[in-house]
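# Okay, predicted coordinates and the sequence, questions at the end:
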Amino acid sequence: MQLLILGGTMFLGRSLTAAALARGHSVTCFHRGQHGVDLFPEVARIHGDRDGGLAPLAGRVFDAVIDTCGYVPRVVRASAELLAPLVQHYTFISTISVYASFAQRQIDEDAPVGTLDEPLVEEVNGATYGPLKAACEQVVAAALPGRTLVIRPGLIVGPHDPTDRFTYWPARVARGGPFLAPEPADFPVQYIDVRDLAEWTLRMVEQGATGTYNATGPAQPQPFTELIACCGAVSGITPEPVWASPAVLEAHQVQPWTELPLWVPAAPEYEGFAAISNARAVAAGLRFRPTGETVADTLAWAASRPADHQWRAGLSAEREATVLAALRQR
């Protein structure tokens, strides 16, 4: 298969490229040339900016395209319309953040998606990210009716994750000593290893699958305590969580999801946040490697980074120590 990947050098794109090569496909990556320039010497590269710089793709024919980096409908529409006569199949990587509400558990692909208050807005932030992705899905479907596959991943994790949202917990447990953890201890978490997502996406593309799929795991929502225990088992460190209530964390201005990744305070509007239905994707062959494998590989990769790596998520050691000291004085 002649495969075009829009992106292809960072995180999911990198895993998709590696999986496609392993499966014997011919891969072309369209990217700006700012990352991963030393990766995959056997891959054809086209350097360009998809926002106004698609001309190098004109006239090139591919069996399928996987769009890993579409966030703004105007930009995605340009790619989809240019490629519509050049490809047989278009996969758009979206997000489970498209849903209009997370107040119900087991949200499936037929649930309403968010809409933009200002249809022409292009600023990507916490409020617009999901509705923008939903609008991108719609422009792809309009450009290639009956030839589109939409994948809505949950939190993507594993080696080379630039966000640190999952990596923080295995690394923090492995560092040892007491660490701040949010109550309730058994709040559910969902995520998907980037390699599982990439390999399944490639299989779906090979089959010419169409439609929309929530792609998140594990097979069942996992309690946070189970993830922490797994981190301890992999690193050989007995976890020492210091549990703090949402009220205490709020009093110390500890931010959910960013400073304490994977966690959002319990509230009716977030009842289904980590309880998204993945039944359709599982029925279509999505499988999940053991959590311990994801944790171990993430730890090994994290250890290879420079010692002065600037973490993009999680509490700094200094801030955590300050909050723990305040808790001991209560």
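Happy to help now that I have it.
# going forward, measure contacts between C-alpha atoms and count neighbours the same way
Will do.
# Pull the residues that contact stretch 59-76.
The contact list for stretch 59-76 (CA atoms under 8 Å, 6 or more residues apart in numbering) reads 1-8, 12-13, 50-52, 86-93, 122, 124, 129, 132-133, 135-136, 139-140, 205.
# per-residue pLDDT, the nearest residue to Ala229 once chain neighbours are set aside?
Leaving out its chain neighbours, the residue that sits closest to Ala229 by CA to CA, 6 or more residues apart in numbering is Pro239, at 6.9 Å. Looking at Pro239, its pLDDT is 98.
# And Phe179, by the same measure?
Phe179 carries a pLDDT score of 98 in this model.
# Would you agree it is in contact with Glu318?
No: shown here, Phe179 and Glu318 do not form a contact pair, counting by CA atoms under 8 Å, at 11.7 Å.
# Name the residue in those two with the higher neighbour count.
A count of neighbours by other CA atoms under 10 Å puts Phe179 above the other of Phe179 and Glu318, at 20 against 9.
# who does the helix or strand hosting the more buried one pair up with?
According to DSSP states H and E, Phe179 maps onto strand 178-182. Strand 178-182 pairs in its sheet with strand 240-244 (parallel), by DSSP bridges.
# Show me what secondary structure element comes after the partner strand.
In N-to-C order, the element after strand 240-244 by DSSP H and E is helix 246-251.
# Go ahead and produce PDB holding the CA coordinates of that next one.
Only the C-alpha atoms of helix 246-251 are listed here, as PDB (Å, rounded to 0.1, in the frame of the first residue of the first chain):
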ATOM      1  CA  PRO A 246     -10.200  17.600  46.200                       C
ATOM      2  CA  ALA A 247     -11.000  20.300  48.800                       C
ATOM      3  CA  VAL A 248      -7.500  20.100  50.200                       C
ATOM      4  CA  LEU A 249      -6.000  20.100  46.700                       C
ATOM      5  CA  GLU A 250      -8.100  23.100  45.700                       C
ATOM      6  CA  ALA A 251      -7.000  24.900  48.800                       C
END
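# hang on, the earlier thing: contacts for the strand holding Phe179?
The contact list for strand 178-182 (CA under 8 Å, 6+ apart) reads 172-173, 239-246, 249, 260, 263, 320, 323-324.
# Try it again at 6 Å.
Glu240, Pro241, Val242, Trp243, Ala244 (CA atoms under 6 Å, 6 or more residues apart in numbering).
# so how far is that strand off the chain centroid?
24 Å (CA atoms, centre = their mean, to the nearest Å).
# And for stretch 321-330?
33 Å.
# Can you give me the buried ones in that stretch?
Neighbour counts over stretch 321-330 (16 or more other CA atoms under 10 Å) mark Val323, Leu324, Leu327 as buried.
# ok, of the contacts of strand 178-182, which come out buried?
Pro241, Trp243, Ala244.
# Let me have the contacts of strand 178-182 in CSV, extended by distance to Gly24.
Compiled in CSV, the contacts of strand 178-182 are given as follows (distance: CA to CA, whole Å):
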residue, distance to Gly24
Glu240, 46
Pro241, 45
Val242, 48
Trp243, 48
Ala244, 50
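# between those, which is nearest Pro112?
Among the contacts of strand 178-182, Ala244 lies closest to Pro112 (CA to CA), at 34.6 Å.
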